[in-house]
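Undergrad: What follows is a predicted structure for the sequence shown.
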Amino acid sequence: MSAQRPLFADLDAVDPAAVDDRVRDLAARLPPRIHLGTSSWSFPGWTGLVYADRNGKPASEQTLARHGLAAYAAHPLLRTVSLDRTFYAPLTTAEFAAYAAQVPDYFRFVVKAPAAFTDPAIRKGGSGEPARDNPSFLDGAAAVATFVRPCLAGLGPKAGPLVFQFPPFGRRLLADLPRLTARIAAFMSVLPRGPLYAAEVRDPQLASHEFAASLHDGGAVPCLAVHARMPPVAEQAAACGLDAADCPLPLVVRWNLHAGRGYEEAKADYFPFNRLVEEDPVSRDALAILARQAAAGDRDTFITINNKAEGSAPLSVLNLATAITCLQ
């Protein structure tokens, strides 16, 4: 006798949105080593773009967070996603493995390292103001034990870049840039070899050849940040040598925030993230050129896009993929 199907088995199911032939053709023309995606996936406003509706209604944010990843990964243009929740607290091997089980073999995760290892300060709850020095800042052994090993064991070959996002460092640490860059490189050098590690910064002084070279010595690459605090992405790439035709390094980019915008301001103005509100063709075209150069050099490219970049990350991915393929 066959097992009886649970009465509410499909109650939390999330189905992918229908994708037209134009998008499938675009995905087929996108070089396979270019991985485009978004920051997280739990946005009801993406109904019709990424997710099918549920009896005429969008799935809730909670339902998408728990059950939407497989539908997200079914979209032919979405070959990566940024796991942002790991920035706030480490995950277990089992939690990482549960994510990996929901996506195809070609899919890769961009994983943010916990801020416990990248923020020099312990922050006050609510205000985010520094309260005291952080004793685990740049603690490589702790990062390996609580983040890197569980991540790699759980995600396996589906682990893409492990991104260490550093906040603005402040006057005290920036006063001695060579020492700061050496400390970050030393931290990276403690991490086990093999995975792709990337460092993302919020201080323009660190978008430099010297910082990129220091990261390379430590076994990492720069993560270009399209962000209001940072120079235009083309300038960052040039400063770090990532735009050179003979550059051997993978390209890792996080398109975070529209120029001149604050995070909360953009979040309020762009919600519910179902349309492009403020397009950024300068950043898009620069990223398209960098991605094509990387593909021509047989280098991996990972670009994740936040809703706060233009208003709707899936639509930004669509336009970026179009720009990349138009350059072929």
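TA: Cool, the structure landed. All values derive from a computational prediction rather than experimental measurement.

Undergrad: Checking residue 164 next. Helix, strand or coil?
TA: Here residue 164 takes the strand state, with states given by DSSP: H, G, I helix; E, B strand; the rest coil.

Undergrad: and it, what does it touch?
TA: Shown in contact with residue 164 (C-beta atoms under 8 Å, 6 or more residues apart in numbering): 113, 117-118, 188, 197-200, 220. Any C-beta I mention is one placed from the backbone N, CA and C, and that applies to glycine too.

Undergrad: Quick check: pLDDT value at it.
TA: With respect to pLDDT, residue 164 scores 98.

Undergrad: residues contacting residue 319?
TA: 276, 279, 284.

Undergrad: ditto for residue 152
TA: By C-beta under 8 Å, 6+ apart, the contact list for residue 152 reads 159, 192, 195.

Undergrad: Show me where the stretch 1-150 of the chain has its strands.
TA: Counting by DSSP state E, counting those that start in this stretch, the stretch 1-150 of the chain has strands at residues 34-39, 80-83, 108-112, 121-123, 130-133.

Undergrad: export those to JSON lines and tack on mean pLDDT, mean neighbour count and distance to residue 65?
TA: Formatted as JSON lines, those follow (pLDDT from 0 to 100; neighbours: other C-beta atoms under 10 Å; distance: least, C-beta to C-beta, whole Å):
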{"stretch": "strand 34-39", "mean pLDDT": "98", "mean neighbour count": "25", "distance to residue 65": "13"}
{"stretch": "strand 80-83", "mean pLDDT": "98", "mean neighbour count": "26", "distance to residue 65": "12"}
{"stretch": "strand 108-112", "mean pLDDT": "98", "mean neighbour count": "25", "distance to residue 65": "15"}
{"stretch": "strand 121-123", "mean pLDDT": "88", "mean neighbour count": "15", "distance to residue 65": "24"}
{"stretch": "strand 130-133", "mean pLDDT": "85", "mean neighbour count": "11", "distance to residue 65": "29"}
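
Undergrad: Tabulate the ones you listed (a markdown table), appending distance to residue 146.
TA: As requested, the strands of the stretch 1-150 of the chain are exported to a markdown table (distance: least, C-beta to C-beta, whole Å):
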| stretch | distance to residue 146 |
| --- | --- |
| strand 34-39 | 22 |
| strand 80-83 | 15 |
| strand 108-112 | 13 |
| strand 121-123 | 17 |
| strand 130-133 | 19 |
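
Undergrad: Could you list the low-pLDDT ranges of the stretch 51-200 of the chain?
TA: 126-127 (pLDDT under 70).

Undergrad: CA atoms only: put stretch 110-125 into CSV for me.
TA: In CSV, the C-alpha atoms belonging to stretch 110-125 read as follows (Å, rounded to 0.1, in the frame of the first residue of the first chain):
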residue,chain,number,x,y,z
VAL,A,110,27.9,34.2,-3.0
VAL,A,111,28.2,33.9,0.8
LYS,A,112,28.8,36.9,3.1
ALA,A,113,31.0,36.3,6.0
PRO,A,114,29.8,37.2,9.5
ALA,A,115,30.4,40.8,10.5
ALA,A,116,31.9,39.4,13.7
PHE,A,117,35.2,39.0,11.8
THR,A,118,35.1,42.1,9.6
ASP,A,119,33.8,44.9,11.9
PRO,A,120,36.4,46.4,14.2
ALA,A,121,33.7,47.5,16.6
ILE,A,122,30.9,45.9,18.6
ARG,A,123,27.8,48.0,17.6
LYS,A,124,25.0,49.3,19.8
GLY,A,125,21.7,47.7,19.1
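
Undergrad: Report the separation between residue 296 and residue 191.
TA: Distance of residue 296 to residue 191, computed by C-beta to C-beta, to the nearest Å: 29 Å.

Undergrad: who has more neighbours, these two?
TA: Taking neighbours as other C-beta atoms under 10 Å, residue 296 and residue 191 compare with residue 191 leading, 21 against 12.

Undergrad: which ones are touching that one?
TA: With C-beta under 8 Å, 6+ apart, residue 191 has these contacts: 140, 143-144, 148, 197, 219.

Undergrad: let's go with 6 Å and repeat that
TA: Shown in contact with residue 191 (C-beta atoms under 6 Å, 6 or more residues apart in numbering): 148, 197.

Undergrad: Residue 258 now?
TA: Listed by C-beta under 6 Å, 6+ apart, the contact set of residue 258 reads 266, 278, 280, 309.

Undergrad: those helices in this structure, which residues are they?
TA: Ranges of helices within the chain are 21-29, 61-67, 69-73, 93-100, 140-143, 149-155, 170-174, 177-190, 209-217, 233-240, 263-270, 281-296, 307-310, 313-326, based on DSSP state H.

Undergrad: Of all the ones you listed, which one is nearest residue 12?
TA: When these are compared by C-beta to C-beta, helix 61-67 sits nearest residue 12, at 4.8 Å.

Undergrad: So which bits of the closest one are buried?
TA: Under the neighbour-count criterion of 16 or more other C-beta atoms under 10 Å, helix 61-67 has 63-64, 67 buried.

Undergrad: Output the residues you listed as a markdown table; include the columns distance to residue 24.
TA: What follows is the buried residues of helix 61-67, written out as a markdown table (distance: C-beta to C-beta, whole Å):
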| residue | distance to residue 24 |
| --- | --- |
| 63 | 26 |
| 64 | 23 |
| 67 | 24 |
